[in-house]
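>>> Give me the fold of what follows.
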Amino acid sequence: MEKKEKKKYALVTGGSRGIGRAICEQLAKDLDYSLLINYNSNKEAAKETLKAVEHAGGKGELMQFDVVDAEGVKSVLEAWHENNENGVIEVVINNAGVTKDGLFMWMTQEDWSKVIDTSLNGFYNVTNALIQKLLVNKYGRIINMVSVSGLKGTPGQTNYSAAKGAVIGATKALAQEVAKRNVTVNAVAPGFIKTDMTSELDEGELKKMVPANRFGEAAEVAHLVSFLASKKSSYITGEIININGGIYS
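Numbering: from 1, shown residues only. Model prediction:
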């Protein structure tokens, strides 16, 4: 009997807005994957992303879960696999993240935990639920969205810097564990990028700190992620790639 070719998917967590949406659009343009667009609560924004994916000539579907909820993540992904026996998730992009900025001295336990839970435990919950399948498949791309804050530390973001710094360490370690199975694990560390998350910042003042003298665009980050998600990047693993206009180089 002829073996049916598996349908290939890429999962983007926090895919409803900002960099996540730009990544979904770019993958739809560049690579032959159906997109699994994860969102937590903003279904309308996720639908907009799906429209953008379809407009770019791609296919996709919405996948609702909170990356912090380990059981929820597991059950949604298990149910998806049961309903898509011929589907294989080859690309995992851990993009979901939140900021709760403030000086450490005044930082509440809640603001500390929320940021760590989303970035670090979210990475664990999603990646751990899928890693065995990637290894059995003997092919995969795991891309973790981190930040310049995780590399250099940003005052007022001790929680975010800690969370992203931890994901950077995890990226380097996991990359070495799975490389023999043709699974790469890399991280992308943006600097100041124009998104909802940075809209509160004083761009005019802050761009003076950036050698390129501007904020980056979400699409610029998405091009890099798309390359790392492709077969072209097969000898790059365990790397943290900065995209920050020279602010930390």
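>>> Determine the set of other helices and strands touching whichever strand or helix holds Asn242.
Here Asn242, judged by DSSP states H and E, is contained in strand 240-243. Applying 3 or more CB pairs under 8 Å, 6 or more residues apart in numbering; DSSP states H and E, we find strand 240-243 packed against helix 148-152, helix 158-178, strand 183-190, helix 218-228. Where C-beta positions appear, they are placed from N, C-alpha and C, glycine not excepted.
>>> Mean neighbour count added to the ones you listed, as TSV?
As requested, the helices and strands packed on strand 240-243 are exported to TSV (neighbours: other CB atoms under 10 Å):
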stretch	mean neighbour count
helix 148-152	21
helix 158-178	19
strand 183-190	24
helix 218-228	20
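>>> Nearest to Asn121, out of these?
In terms of CB to CB, the element of the helices and strands packed on strand 240-243 nearest to Asn121 is helix 158-178, at 9.1 Å.
>>> measure Leu35 to Gly20 for me?
For Leu35, the distance to Gly20 equals 11 Å [CB to CB, to the nearest Å].
>>> if we can go back for a sec, okay if I get the helices and strands packed on strand 240-243 as CSV plus mean pLDDT?
Below are the helices and strands packed on strand 240-243 laid out as CSV (pLDDT from 0 to 100):
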stretch, mean pLDDT
helix 148-152, 96
helix 158-178, 98
strand 183-190, 98
helix 218-228, 98
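>>> out of these, nearest to Tyr235?
It is, among those and with distance given as CB to CB, strand 183-190, at 8.5 Å.
>>> Which helix or strand lies directly C-terminal to that closest one?
Trace forward from strand 183-190 with DSSP H and E and the next one is strand 193-194.
>>> ok, that following strand: who's next to it in the sheet?
Its sheet considered, strand 193-194 pairs with strand 216-217 (parallel) by DSSP bridges.
>>> picking that back up, spell out which residues are contacts of both of Leu35 and Gly20.
Val12 (CB atoms under 8 Å, 6 or more residues apart in numbering).
>>> If you rank every helix and strand of the protein by mean pLDDT, what lands last?
helix 203-206 (a mean of 85; mean pLDDT, DSSP states H and E).
>>> Low-confidence regions, this protein specifically.
1-3, 197, 249 (pLDDT under 70).
>>> hmm, who's touching the least confident helix or strand of the chain?
192, 194, 215.
>>> Can I get those residues in CSV including distance to Thr13?
Output for the contacts of helix 203-206, formatted as CSV (distance: CB to CB, whole Å):
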residue, distance to Thr13
Phe192, 22
Lys194, 21
Phe215, 23
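>>> Pull out the buried residues from the residues you listed.
192, 194, 215 (16 or more other CB atoms under 10 Å).
>>> re the thing from before, among the contacts of helix 203-206, which one lies nearest to Gly60?
Nearest to Gly60 among the contacts of helix 203-206, with distances taken as CB to CB, is Lys194, at 23.6 Å.
>>> Enumerate the beta-bridge partners assigned to that closest one.
Glu217.
>>> switch to numbering from 33
Will do, 33 is the new start, and the previous item becomes Lys226.
>>> Kindly provide the distance from it to Ser179.
Distance from Lys226 to Ser179, counting by CB to CB: 15 Å.
>>> Ok, Asn169 next?
29 Å.
>>> Lovely, talk soon.
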